[in-house]
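1. sequence-free structure coming up:
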């Protein structure tokens, strides 16, 4: 059994990547460090091992997440789990980490405050003793005078005060050097006092001094291990680092930086016989408070005193600080702690209940999605009889009902799609047939250049144009716009084309009599179409021999003839064709100057609207013709279509667009 287990372990180890192996080794070392801390020992390089473990674990997690992201997030259940991690678990971890770091910072500051406050209170009491002695002196005694300190120390009253105070201040003595020096800063004042730390070289004293009326009493206590033993005895080990400000003569290796503080360490003073309190529970972490103490530095050469900063270190545990924090204000602190624990238990119960509810809701959601996914697999194979199980009447249940309704009607949708496909095929055939109704080749006549473009709004068009040579020097030109759009307009367009061509073939009237031909077309359409069907028509015949244009406009937008800068509209004619039985049409004739342009168009060219609702209009169309009148007819027709489309800027064309351009009275190249 052990051989099989070791074989599996070796097989698993070989399958791991180098990053996985490094993370596993660091995890083992981190576990040993944790066990050592539980045993009350501090393993070497513990902080470095933990840092490397977290870095390796993070890198491994990111690597495997990238590698398996596709497989992991394909399932909806996994997506919801990941979403819960980011929405619920990650914020809780971040808040817990922030709370943990905040607690450590607060406890460090609290420990530093306790040490600093205790030392400062000692200094203040030392100054108070100096004040009491000064107040008890006879009026004629000068304490600061030579030999006065010895006389003062021999006083039974003063000796009693010093003896009583040495229990709190080991090494307490009258001082004649330190106090007067620091009080010299207050020279000229009627009264001065000092309470603080005074440093001379690597030695530091607690000094309390008062001066009044020329009399000075100064008491000093050396900062020793005995004094540190008396500071906050229940907090744990205490030490003070004696430092001095760096000078230009110090090498960089001697200078230590701590934040914005630069200093040179001189010596360490540690309290003796004090150890850290034992761990009260597994969350009882170690705390090191680092207070800063300001000291007056007396230089050895008698120069002006300067400031120095000493560093204190107080090692303790969170439980010790908690006792001080919650017992000093009163016994109600225990009530607050118990209330906080009870509130934490309530929150934990609510979190477990919320987690259970979330799991149940997730199972409901994922089960419904799995059923829908399985149903889609049946649909992909062509099985439309499969139905989704509806287990609830919520939105997911309604979604299942909707899916079942969809599958029950999908056969009808497929049949409808097939029918639509047949209609589209028929429309494609109709478009091909209609394209054959337009002139496949434009007539070639001396002195005439022709071009025409028709762009349908739908598959088939209701616009019509035609060119027919009706004599050796006569060219017939027609453009029409059928009412309506789509199939019905295309059918009427085919009827109009057939009637127009047949009327030209039958003849019976002079070829230049456009009014008579339009009248016959009107009669034909009226008799062969419904009452609501009609067409606008412009028909013209150009006589190349006489340079004359004969035309009839049956309700169509007036084409215009451009001769140089002159623009003339061709409006002679009458009503639209096919609407009334008997209509009288007039014929217009106009002399064509050499190089003139005839431009005819349908309403699809003038009706495109911009974003402000303004139509392109005939005026802008004329401006485009005048701007590009020197271009060839084909290029001019393309430019006019592009200008109308640019003005509209609509993804869907609203109406059929047709333009006919003829340059008359010129020689073909």
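-> Here it is on my side, so go on. Computed from a predicted model, the values in this text were never measured in an experiment. Numbers count the residues shown, from 1 in each chain.
2. residue 658: neighbouring residues, count only.
-> Neighbour count for residue 658, taken as other Cβ atoms under 10 Å: 27. All C-beta spots, glycine's among them, are computed from the backbone N, C-alpha and C.
3. my bad, should have said residue 137
-> Neighbour count of residue 137, defined by other Cβ under 10 Å: 19.
4. how close does it get to residue 192?
-> With distances defined as Cβ to Cβ, to the nearest Å, the gap from residue 137 to residue 192 amounts to 16 Å.
5. now the helices for the stretch 151-300 of the chain?
-> Ranges of helices within the stretch 151-300 of the chain are 156-165, 178-183, 225-229, based on DSSP state H, counting those that start in this stretch.
6. now do the last one: which elements does it pack against?
-> Right, helix 225-229. Packed against helix 225-229 by the contact rule (3 or more Cβ pairs under 8 Å, 6 or more residues apart in numbering; DSSP states H and E) you find strand 238-244, strand 261-270.
7. pLDDT averaged over the longest strand anywhere in the chain - what is it?
-> The residue-count maximum for a strand in the chain (DSSP state E) belongs to strand 306-317. Strand 306-317 shows a mean pLDDT of 89.
8. what strands flank it, and is each parallel or antiparallel?
-> strand 238-244 (antiparallel), strand 286-289 (antiparallel), strand 292-297 (antiparallel) (DSSP bridges).
9. tell me the mean pLDDT over the shortest one?
-> Spelled out, that is strand 286-289. The average pLDDT for strand 286-289 rounds to 90.
10. gap between the closest residue in space to residue 166 that isn't next to it in sequence and residue 200?
-> Nearest residue to residue 166 in three dimensions, chain neighbours excluded: residue 172, at 4.9 Å (Cβ to Cβ, 6 or more residues apart in numbering). Per Cβ to Cβ, residue 172 is found 18 Å from residue 200.
11. likewise residue 324?
-> Counting by Cβ to Cβ, the separation of residue 324 from residue 200 is 34 Å.
12. one step back: tell me which residues in the longest strand of the chain are buried?
-> 308-317 (16 or more other Cβ atoms under 10 Å).
13. residue 268: which of those is nearest?
-> Closest approach to residue 268 among the buried residues of strand 306-317 (Cβ to Cβ): residue 313, at 8.8 Å.
14. now for that closest one: which residues touch it?
-> 237-241, 288-290 (Cβ atoms under 8 Å, 6 or more residues apart in numbering).
15. and those, which are buried?
-> Using 16+ other Cβ under 10 Å as the burial test, those include 237-241, 288-289 as buried.
16. which one of the helices and strands packed on helix 225-229 is the most hemmed in?
-> Stretch with highest mean neighbour count among these: strand 238-244 (a mean of 22; mean count of other Cβ atoms under 10 Å).
17. any idea how far that one is from the chain center?
-> Strand 238-244 has its C-alpha centroid displaced from the chain centroid by 50 Å (Cα atoms, centre = their mean, to the nearest Å).
18. run the angle between it and strand 261-270 for me.
-> Orientation of strand 238-244 against strand 261-270 (axes from the mean of the first three to the mean of the last three Cα atoms, to 10 degrees) gives an angle of 140 degrees.
19. and the contacts of strand 238-244?
-> Here strand 238-244 makes contact (Cβ under 8 Å, 6+ apart) with 115, 199, 202-204, 223, 228, 231-232, 256, 263-271, 274, 293, 297, 308-315.
20. which residue sits closest to residue 60, ignoring its sequence neighbours?
-> Excluding the flanking residues, the one nearest residue 60 by Cβ to Cβ, 6+ apart is residue 23, at 4.5 Å.
21. hmm, who's touching the particular helix or strand that has the one you found in it?
-> Here residue 23, judged by DSSP states H and E, is contained in helix 18-38. Contact partners of helix 18-38, identified using Cβ under 8 Å, 6+ apart, comprise 13, 16, 42-43, 46, 49-50, 52-53, 56-57, 59-60, 63, 282.
22. which member of those is positioned nearest residue 106?
-> Closest approach to residue 106 among the contacts of helix 18-38 (Cβ to Cβ): residue 282, at 19.8 Å.
23. quick one: contacts for the closest one?
-> Residue 282 makes contacts with residue 38, as judged by Cβ under 8 Å, 6+ apart.
24. and it, how far is that from residue 319?
-> As judged by Cβ to Cβ, residue 282 and residue 319 stand 11 Å apart.
25. can you check residue 608 too?
-> 84 Å.
26. more crowded one of those two?
-> Shown here are residue 608 and residue 319; by other Cβ under 10 Å, residue 608 has more neighbours (22 against 16).
27. list the contacts for the more buried one?
-> Counting by Cβ under 8 Å, 6+ apart, residue 608 touches 615-616, 644-645, 647-648, 650, 654.
28. from those, which two are the most distant?
-> Spatially, the most separated pair among these is 615 and 645, at 13.5 Å (Cβ to Cβ).
29. before we move on, what SS does residue 359 have?
-> Secondary structure state of residue 359, per DSSP: H, G, I helix; E, B strand; the rest coil, is helix.
30. which residues of the stretch 301-450 of the chain score low on pLDDT?
-> For the stretch 301-450 of the chain, applying pLDDT under 70 flags the ranges 302, 327-337, 384, 396, 411, 424-427, 429-436.
31. got the residue ranges for the strands in it?
-> For the stretch 301-450 of the chain, the strands defined by DSSP state E, counting those that start in this stretch cover 306-317, 448-455.
32. okay, residue 172 and residue 200: which has more neighbours?
-> The neighbour count for residue 172 versus residue 200, taken as other Cβ under 10 Å, is higher for residue 172 (23 against 17).
33. which residues does the more buried one contact?
-> For residue 172, the contact set (Cβ under 8 Å, 6+ apart) comprises 126, 162, 165-166, 219-221.
34. got the domain boundaries for the protein?
-> Domain segmentation of the chain under automatic domain parsing yields 14-74, 106-328, 332-433, 438-664.
35. deepest of those domains, which one?
-> The stretch of the domains of the chain with the highest mean neighbour count (mean count of other Cβ under 10 Å) is domain 438-664, at a mean of 18.
36. follow-up on the earlier one: among the helices and strands packed on helix 225-229, which is nearest residue 532?
-> strand 261-270 (98.4 Å).
37. roughly how far is the closest one from the heart of the chain?
-> The chain centroid and the centroid of strand 261-270 are separated by 50 Å under Cα atoms, centre = their mean.
38. report all helices and strands that that strand contacts.
-> Applying 3+ Cβ pairs under 8 Å, 6+ apart, we find strand 261-270 packed against helix 225-229, strand 238-244, strand 255-258, strand 306-317.
39. now do the helices in the stretch 401-550 of the chain.
-> Shown for the stretch 401-550 of the chain, the helices assigned by DSSP H, counting those that start in this stretch span residues 486-506, 514-528.
40. mean pLDDT for those: which is lowest?
-> Between the helices of the stretch 401-550 of the chain, the one with the least mean pLDDT is helix 486-506; it has a mean of 79.
41. contacts for it?
-> Contacting residues not belonging to helix 486-506 are listed as 427, 430, 433-434, 437, 458, 460-464, 466, 468, 470, 476, 478, 480, 482-484, 517, 520-521, 524-525, 528-529, 533, 535, 537 [Cβ under 8 Å, 6+ apart].
42. good, wrapping up.
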